[in-house]
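*Asks:* give the three-dimensional model of this entry:
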Amino acid sequence: VKKWSSNDVSKWISSINGLSTDASKLLSKHSMNGEELLTLNCETLKIFGITRPPTVSLLTHKIMELRKEGNHRDSYLIEQSAYCFGKILDHLRLRAMCHTLQDPAPLPPPVIREPYRKRFKRIVEFYFPGDSDAFE
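*Replies:* Okay, here's the model as predicted:
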């Protein structure tokens with residue numbers, strides 16, 4: 001949802017059952033993206049001119065559902081192996097120590113036991129998308 005364009009947001013708005021055409025037009029004319037949509041609340045909807053209580057309630061409910069959906073998808077990797085997270089933390093601690101000591105030598109990658117390699121790689125790519133090479 002956070003990556004939605006204004007067109008995606010407009011499509012989502014028009015897909016809400018029970019939302020009046022007027023309210024749909026009011027929201028769509030602001031050309032907001034997904035990130036902006038997720039910040040809307042009762043007060044901002046009223047600023048946009050949506051004042052009818054059932055409409056405000058419907059929209060805030062639907063936006064809360066989107067927030068929960070996004071949080072649910074983003075948190076699926078939270079429950080993982082203590083072994084993998086331990087290896088990540090050890091590696092980060094070593095990097096911090098080398099940085100503090102101003103040691104320019106590159107760190108060797110952590111040694112990961114065979115049954116955990118795939119999981120370790122997935123976790124590292126998830127939490128360190130631009131820096132995953134530092135763990136390899």
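
*Asks:* can you give me the helices for the protein?
*Replies:* Per DSSP state H, the chain has helices spanning 6-14, 21-28, 34-37, 42-47, 53-74, 82-100, 117-127. These are given in chain order.

*Asks:* what number of residues lie near the residue nearest to Val9 when sequence neighbours are not counted?
*Replies:* Once flanking residues are discounted, Val9 sits nearest to Leu37: 5.1 Å by Cβ to Cβ, 6 or more residues apart in numbering. Backbone N, C-alpha and C define where each C-beta goes, glycine included. Using other Cβ atoms under 10 Å, Leu37 is surrounded by 23 other residues.

*Asks:* is Leu37 in contact with Lys3, as I believe?
*Replies:* No: contact criterion Cβ atoms under 8 Å: Leu37 and Lys3 do not qualify, at 11.3 Å.

*Asks:* how about the lowest-mean-pLDDT helix or strand in the chain: buried residues?
*Replies:* Within the chain, no helix or strand scores below helix 53-74, which has a mean of 79 by mean pLDDT, DSSP states H and E. The neighbour-count check on helix 53-74 (16 or more other Cβ atoms under 10 Å) flags Thr55, Val56, Leu58, Leu59, Lys62, Ile63, Leu66 as buried.

*Asks:* how close does the first one sit to Leu45?
*Replies:* Here Thr55 is placed at a distance of 8 Å from Leu45 (Cβ to Cβ, to the nearest Å).

*Asks:* and the helices of the chain, which one's lowest on average pLDDT?
*Replies:* Comparing mean pLDDT across the helices of the chain, the weakest is helix 53-74, with a mean of 79.
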